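>>> no sequence for this one, just the structure:
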């Protein structure tokens, strides 16, 4: 496993590799890796001949009020974890490699970026879309693998790639969960033991709503929201940012639930904001 | 020469070609072709193995007040002209191929897009940058050729490509002029015979400023602007949008002229807005 921090070095190495006709897979991460990230790396290894994991805490996707400074940085542990999987290159650039002096071109993300996370974090997806486009361009990846955990992010990226006619294929891999169902997240380490127990209620609320949808002949979006909110309140999760049933492509709320549907939740447990989702496909 | 109007057909054809290891060159145009465009096509043919000329009057780069509806559309003549050069593919998509339903991702262009043309046409470069990125992505071109005539456009595109780490090489080809020096432009056909004579004054004003710069030990930006404006007034061109000496990379005005420098002019002759420029390189 090679560790590379310069764009020029990465590009040169990958150019040589690409000319031999082999396929490149990229997994963009912000480090603080957990089994969720590693599952993305494994998926990339299944689909391509060379796997690049990028580790870059992207400043443009954090608002000034957010946790950029304190975001967990665990580079040595990250490398140890990646070393055990089939990762060929770890790309860990400095901020100035990604945003050199005079940098000023951004992606104005698609409309699906405006709702939900976009409302709570108005410049977040502009930063995400821009850095993802840059990473996929500099690697000229054949495949980029993203986690379903950040469902809206994956939707924004898929729509961006389609709108910009980008040749890289986007693969969305399933959520990896702790034993009690909590979706793995780098921010879970912020939770106190007590908060950690409460946080498992998010998953329970989504499963309850899923059961209601798949076993009821007809159910409304408002009813689904109520099921999720009630279950969150039972788990003493009161600060609910949103709890909605939406169309998987447009992310617009469904008035009357029709499959496929995605249930999206964002809530604060203590001071930690957590998100999770449940994707109920057409054949559920 | 093949004429293709569907993105899927273009992509498939170029994928086959690319796999044989040959290089693809793209010349994006809005049609209404003249020798200026053809020189770009010739340059692409020198540099690559397969030349794609695109003809697409891009609605997103026109403001509602501008000449989108009346922009000259001369498709049959364009094809006749291209047929005589080494062009392999003419790509002429419908609006809905480029902007399908739900399309909503744009490029927020770099800072160099804000001055000059960007001030007169605030959303122009957003549309240009977006469509150029799309065309270069869908063709996966190795080289894109653009005209120096639209100096700021070329600068915006070069900076966008750099900022987004895009692998396509951007080549800027020299201005082609009429016998009297008027820069070739699709909009020249709007000029009356009388206006056509006046319009040649733009080139004279730039050459006079160039002489002043290359023969004077020290000259200020203000002095250069005055030379251009005075000469334009002599040619009865009164509606001058801007006449400036700027740094070729940042497009910021030079207070004291230092090579390299670019002289940029935009002026209205009758109701037709014309632009021209003179690039004085470091070794002039």
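Received the coordinates, thanks. Since the model is a prediction, treat every value here as computed from it, not as a measurement.

>>> quick one: residue A:161 and residue A:168 touch, right?
Yes - with contacts counted by C-beta atoms under 8 Å, residue A:161 reaches residue A:168, the gap being 6.5 Å. (Each C-beta comes from the backbone N, C-alpha and C, glycine too.)

>>> mind listing what's buried in stretch A:22-42?
By neighbour count with 16 or more other C-beta atoms under 10 Å in any protein chain shown, stretch A:22-42 contains the buried residues A:24-34, A:36-42.

>>> So residue A:170 is in contact with residue A:154, correct?
Yes - taking contacts as C-beta under 8 Å, residue A:170 lies within contact range of residue A:154: 7.4 Å.

>>> State the distance from residue A:163 to chain B.
Going from residue A:163 to chain B by C-beta to the nearest C-beta, to the nearest Å gives 4 Å.

>>> If you could redo that for residue A:127, that was the one I meant.
Residue A:127 is 12 Å from chain B, by C-beta to the nearest C-beta.

>>> Helix or strand: which one has that residue?
helix A:124-139 (DSSP states H and E).

>>> okay, and the common contacts of residue A:170 and residue A:154?
Jointly contacting residue A:170 and residue A:154 under the rule C-beta atoms under 8 Å, 6 or more residues apart in numbering or on different chains are residue A:146.

>>> neighbours around residue A:236, how many?
12 (other C-beta atoms under 10 Å in any protein chain shown).

>>> Name the nearest residue to it, ignoring sequence neighbours.
Nearest residue to residue A:236 in three dimensions, chain neighbours excluded: residue A:198, at 5.5 Å (C-beta to C-beta, 6 or more residues apart in numbering or on different chains).

>>> so who does the one you found touch?
A:235, A:236, A:237, A:269.

>>> ok, and the most crowded of the residues you listed?
Busiest of the contacts of residue A:198 [other C-beta under 10 Å] is residue A:269, holding 28 neighbours.

>>> Next, that residue: phi, psi?
phi -120, psi 110 (degrees, to the nearest 10).

>>> What residues are bridge-paired with it?
residue A:272 (DSSP bridges).

>>> Give me every residue in the stretch 51-200 of chain A that's in contact range of chain B.
Residues of the stretch 51-200 of chain A found near chain B (C-beta under 8 Å from any C-beta of the partner chain) are A:102-112, A:126, A:129-130, A:133-135, A:137-138, A:140, A:159-160, A:163-167.

>>> mind listing the helices for the stretch 151-284 of chain A?
Remark: helices assigned in the stretch 151-284 of chain A by DSSP state H, counting those that start in this stretch are A:151-163, A:193-199, A:201-215, A:221-234.

>>> Could you identify which of those is most buried?
helix A:151-163 (a mean of 23; mean count of other C-beta atoms under 10 Å in any protein chain shown).

>>> okay, the angle between that helix and helix A:124-139?
50 degrees (axes from the mean of the first three to the mean of the last three C-alpha atoms, to 10 degrees).

>>> burial of residue A:59, as a residue count?
Residues near residue A:59, counting by other C-beta under 10 Å: 14.

>>> Contact partners for it?
Residue A:59 neighbours (C-beta under 8 Å, 6+ apart): A:68, A:95, A:99, A:127.

>>> Among those, which lie within helices?
A:95, A:127 (DSSP state H).

>>> State the pair within the contacts of residue A:59 that is farthest apart.
A:68 and A:99 (13.3 Å; C-beta to C-beta).

>>> who has more neighbours, those two?
Using other C-beta under 10 Å as the criterion, residue A:68 and residue A:99 rank with residue A:99 on top: 18 against 14.

>>> That one contacts residue A:60, doesn't it?
Yes - between residue A:99 and residue A:60 a contact is recorded at 7.3 Å, counting by C-beta under 8 Å.

>>> Could you tell me which residues touch both of these two?
By C-beta under 8 Å, 6+ apart, no residue touches both residue A:99 and residue A:60.

>>> Tell me how far residue A:221 lies from residue A:242.
12 Å (C-beta to C-beta, to the nearest Å).

>>> Sorry, slip of the keys, the one I care about is residue A:225.
Taken as C-beta to C-beta, the span from residue A:225 to residue A:242 is 9 Å.

>>> and what of residue A:224?
12 Å.

>>> cool, and residue A:118?
11 Å.

>>> circling back: and the residues of the stretch 51-200 of chain A next to chain B, which of them are buried?
Applying 16+ other C-beta under 10 Å to those flags A:103, A:105-112, A:126, A:129-130, A:133-135, A:137-138, A:140, A:159-160, A:163-167 as buried.

>>> still on that earlier bit, what about the buried residues of stretch A:22-42, which are in helices?
Checking the buried residues of stretch A:22-42 against DSSP H, those in helices are A:36, A:37, A:38, A:39, A:40, A:41, A:42.

>>> residues contacting the fifth one?
The one in question is residue A:40. For residue A:40, counting by C-beta under 8 Å, 6+ apart, the contacting residues are A:27, A:29, A:145, A:146, A:147, A:173.

>>> Mind jotting down where the strands sit in chain A?
Using DSSP state E, the strands of chain A run over A:2-4, A:24-29, A:50-55, A:89-91, A:106-108, A:143-147, A:169-173, A:239-246, A:261-269, A:272-280.

>>> Of these, which is nearest residue B:88?
strand A:169-173 (26.7 Å).

>>> Please state the offset of stretch A:63-73 from the chain centre?
17 Å (C-alpha atoms, centre = their mean, to the nearest Å).

>>> With stretch A:45-58 instead?
14 Å.

>>> cool, stretch A:235-243 as well?
The answer for stretch A:235-243 is 20 Å, by C-alpha atoms, centre = their mean.

>>> try stretch A:256-266
18 Å.

>>> same check, this time on stretch A:143-163
That offset, for stretch A:143-163, works out to 8 Å (C-alpha atoms, centre = their mean).

>>> That stretch - what's its average pLDDT?
Averaged over stretch A:143-163, pLDDT sits at 98.

>>> related to what we said a few turns ago, now the residue nearest to residue A:236: how far from residue A:266?
Taken as C-beta to C-beta, the span from residue A:198 to residue A:266 is 15 Å.

>>> Surely residue A:208 is in contact with residue A:231?
Yes - in this structure, residue A:208 is within contact of residue A:231 by C-beta under 8 Å, at 5.1 Å.

>>> so what's residue A:108 up against?
So residue A:108 contacts A:126, B:105, B:106, B:107, B:108, B:126 (C-beta under 8 Å, 6+ apart).

>>> Residue B:261 is nearest to which of the strands of chain A?
strand A:106-108 (28.9 Å).

>>> average pLDDT across the closest one?
98.

>>> ditto for stretch A:116-135
Mean predicted confidence for stretch A:116-135 is 97.

>>> Can you list the buried residues in that stretch?
So for stretch A:116-135, counting by 16+ other C-beta under 10 Å, buried means A:116-118, A:121, A:124-135.

>>> one step back: relative to strand A:50-55, how tilted is the helix holding residue A:127?
140 degrees.

>>> Helix A:124-139 packs against which elements?
Counting contacts by 3 or more C-beta pairs under 8 Å, 6 or more residues apart in numbering or on different chains; DSSP states H and E, helix A:124-139 packs against helix A:7-19, strand A:24-29, strand A:106-108, helix A:117-120, strand A:143-147, helix A:151-163.

>>> Domain-wise, how is chain A divided?
Using automatic domain parsing, the domain parsing of chain A gives A:2-173, A:186-278.

>>> okay if I get those domains as CSV plus distance to residue B:214?
Formatted as CSV, the domains of chain A follow (distance: least, C-beta to C-beta, whole Å):
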stretch, distance to residue B:214
domain A:2-173, 28
domain A:186-278, 59
